[in-house]
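Trainee: Show me how the following folds:
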Amino acid sequence: MPHAARSPIRLALVGVGNCASSLVQGIHAYRTRGPADVVGLMHPEIGPYRVTDVEVVAAFDVDARKVGKDLRDAVFAPPNNTLALAPDLPATGVVVRRGPVLDGVAPHMADHPPERTFVVAPGPEPTAAEVTAALRASGAQLMVIYLPVGSERAARWYAQCALDAGLGLVNAIPVFLAGDPALAAAFAAKRLPIVGDDVKSQLGATVTHRVLADLFRRRGIRVDRTYQLNTGGNTDFLNMLDRHRLASKKRSKTEAVTSVLTDGIAADDVHVGPSDYVPWLKDKKVCFLRLEGRMFGGVPLELELRLAVEDSPNSAGVVIDAVRCARLALDRGVGGVLEGPSAAFCKRPPTQHPEDRAFDLVEAFVRGDGPAPR
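Mentor: Residues are numbered from 1 along each chain as shown. This is a model prediction of the structure:
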């Protein structure tokens, strides 16, 4: 049954790391600002919904410093190290619940000091039935998955809990849930939306790389070689030191760029992916882009760019739009993969579109005349 317009958008967060911290703090920060101070949003309103309509009602994590704590305290607990957007964040009344570890914690994380990694909470792991019951009891309408890269089993486990509890899904990580036809069909059958996979930052390495590659194409310049190198000091980069956990991330980021190069590019001539962990950068991510191509007459052209951003607020600025689009889908009683929002907000949507086309598809979705969910 459709939800009443302008009722709160109730979220369950899976993972209370830096990205969740920026999202929770950002929602509160916008509530305390006057109209003249509301900057940094791609969409101040999506349908009837503003940022201030979003409310977190449930959260799950595995870290002992977060489990059992009010969400207000958990978002500032180590190993989180993002900027404080709302140091005056009040108590939320939402207690972070213990989740299962599954494959959510890489073994090598134990080789680093506790302030940089995870301290797994003691006690029994919850069953899927218990998490599903908790989701229902919280009144959550949507789940946002913020697990570490490489958490294939854990992401699918939580996605099934969302499906069983009747929640829509925003998948912010590179596990291909929206890209799984069987799972997408199961959500569509229950009229539950999915936006995914792998959130694309508001203005980050991937979206910048895509736009530049597409600009080369539109201006008749053949891209011969390109790379994207990323460094950062948060636990996301520490987690990705395990190269075995990177397969889906590299695929997601690489396909996001190569999908706009209609002339194609050899596999050895493109490198896109996380490069190294630099602790003192904390939540700052530094990206280096290079594109080499040929212009009129075959004359060579080279472009290099350095981009430095706070990584987690860059993600939150997109997730806040994704959850509002997903809520619109709930209001309309439609489910499955939302094509426009997934293409605009994610690196590896089931259907890739150039950025301008993806933007237009989001606007059409908000108006109610975009492609039907699949």
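Trainee: Which helix or which strand is home to the closest residue in space to residue 208 that isn't next to it in sequence?
Mentor: With Cβ to Cβ, 6 or more residues apart in numbering as the measure, residue 307 is the residue that lies nearest to residue 208, at 6.0 Å, once sequence neighbours are left out. In short, each C-beta sits where N, CA and C put it, glycine included. Counting by DSSP states H and E, the element that carries residue 307 is strand 300-310.
Trainee: Could you give me the buried positions within that strand?
Mentor: 301, 307, 309, 310 (16 or more other Cβ atoms under 10 Å).
Trainee: could you list every residue that touches the second one?
Mentor: So the one you mean is residue 307. Applying Cβ atoms under 8 Å, 6 or more residues apart in numbering, one finds that residue 307 lies in contact with 204, 205, 208, 286, 287, 289.
Trainee: now do 10 Å
Mentor: When contacts are counted by Cβ atoms under 10 Å, 6 or more residues apart in numbering, residue 307 is found next to 203, 204, 205, 208, 209, 228, 230, 285, 286, 287, 288, 289.
Trainee: And for the last one?
Mentor: Residue 310 makes contact with 18, 22, 82, 83, 85, 232, 234, 282, 283, 284, 285, 316, according to Cβ under 10 Å, 6+ apart.
Trainee: most surrounded residue in those residues?
Mentor: Using other Cβ atoms under 10 Å as the neighbour definition, those reach their maximum at residue 22, which records 29 neighbours.
Trainee: Looks to me like that residue is in a helix.
Mentor: Yes - per DSSP: H, G, I helix; E, B strand; the rest coil, residue 22 lies within a helix segment.
Trainee: I'd like the distance between it and residue 168.
Mentor: The gap separating residue 22 from residue 168 is 21 Å, by Cβ to Cβ, to the nearest Å.
Trainee: sorry, back to before: from the contacts of residue 310, which is closest to residue 215?
Mentor: Of all those, the one sitting nearest residue 215 is residue 285; the distance, using Cβ to Cβ, is 22.3 Å.
Trainee: Quick one: mean pLDDT for the helix or strand in which that closest one is found?
Mentor: Following DSSP H and E, one finds residue 285 within strand 284-294. Averaging the model's pLDDT scores along strand 284-294 yields 97.
Trainee: ok so, going back, how about the contacts of residue 310 in CSV, adding distance to residue 30?
Mentor: As requested, these are arranged in CSV below (distance: Cβ to Cβ, whole Å):
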residue, distance to residue 30
18, 18
22, 12
82, 17
83, 15
85, 9
232, 25
234, 23
282, 23
283, 20
284, 22
285, 23
316, 11
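Trainee: how about the strands in the stretch 251-374 of the chain?
Mentor: Using DSSP state E, counting those that start in this stretch, the strands assigned to the stretch 251-374 of the chain run over residues 270-277, 284-294, 300-310, 336-337.
Trainee: Could you pull up the mean pLDDT of the shortest one?
Mentor: Strand 336-337 carries an average pLDDT of 98.
Trainee: The third one now?
Mentor: The predicted model gives strand 300-310 an average pLDDT of 97.
Trainee: Please state the offset of it from the chain centre?
Mentor: Taking the mean C-alpha point of strand 300-310 and that of its whole chain, the gap between them comes to 23 Å (Cα atoms, centre = their mean, to the nearest Å).
Trainee: cool, the second one as well?
Mentor: For strand 284-294, the distance from its own C-alpha centre to the chain's C-alpha centre is 22 Å (Cα atoms, centre = their mean).
Trainee: elements contacting that strand?
Mentor: In this structure, strand 284-294 packs against helix 205-218, strand 222-232, strand 270-277, strand 300-310, helix 311-332, with contacts taken as 3 or more Cβ pairs under 10 Å, 6 or more residues apart in numbering; DSSP states H and E.
Trainee: Using PDB, list the CA coordinates for stretch 242-257.
Mentor: Listed next in PDB are the C-alpha coordinates belonging to stretch 242-257 (Å, rounded to 0.1, in the frame of the first residue of the first chain):
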ATOM      1  CA  ASP A 242      43.600  -7.200   0.600                       C
ATOM      2  CA  ARG A 243      43.700  -7.400  -3.200                       C
ATOM      3  CA  HIS A 244      41.400 -10.400  -3.200                       C
ATOM      4  CA  ARG A 245      38.600  -8.200  -1.900                       C
ATOM      5  CA  LEU A 246      39.100  -5.800  -4.800                       C
ATOM      6  CA  ALA A 247      37.700  -7.800  -7.700                       C
ATOM      7  CA  SER A 248      34.200  -6.400  -7.700                       C
ATOM      8  CA  LYS A 249      35.400  -2.900  -6.900                       C
ATOM      9  CA  LYS A 250      37.900  -2.800  -9.800                       C
ATOM     10  CA  ARG A 251      35.200  -4.200 -12.100                       C
ATOM     11  CA  SER A 252      32.700  -1.600 -10.900                       C
ATOM     12  CA  LYS A 253      35.000   1.300 -11.300                       C
ATOM     13  CA  THR A 254      36.500   0.100 -14.600                       C
ATOM     14  CA  GLU A 255      33.200  -0.600 -16.300                       C
ATOM     15  CA  ALA A 256      31.900   2.800 -15.200                       C
ATOM     16  CA  VAL A 257      34.700   4.500 -17.200                       C
END
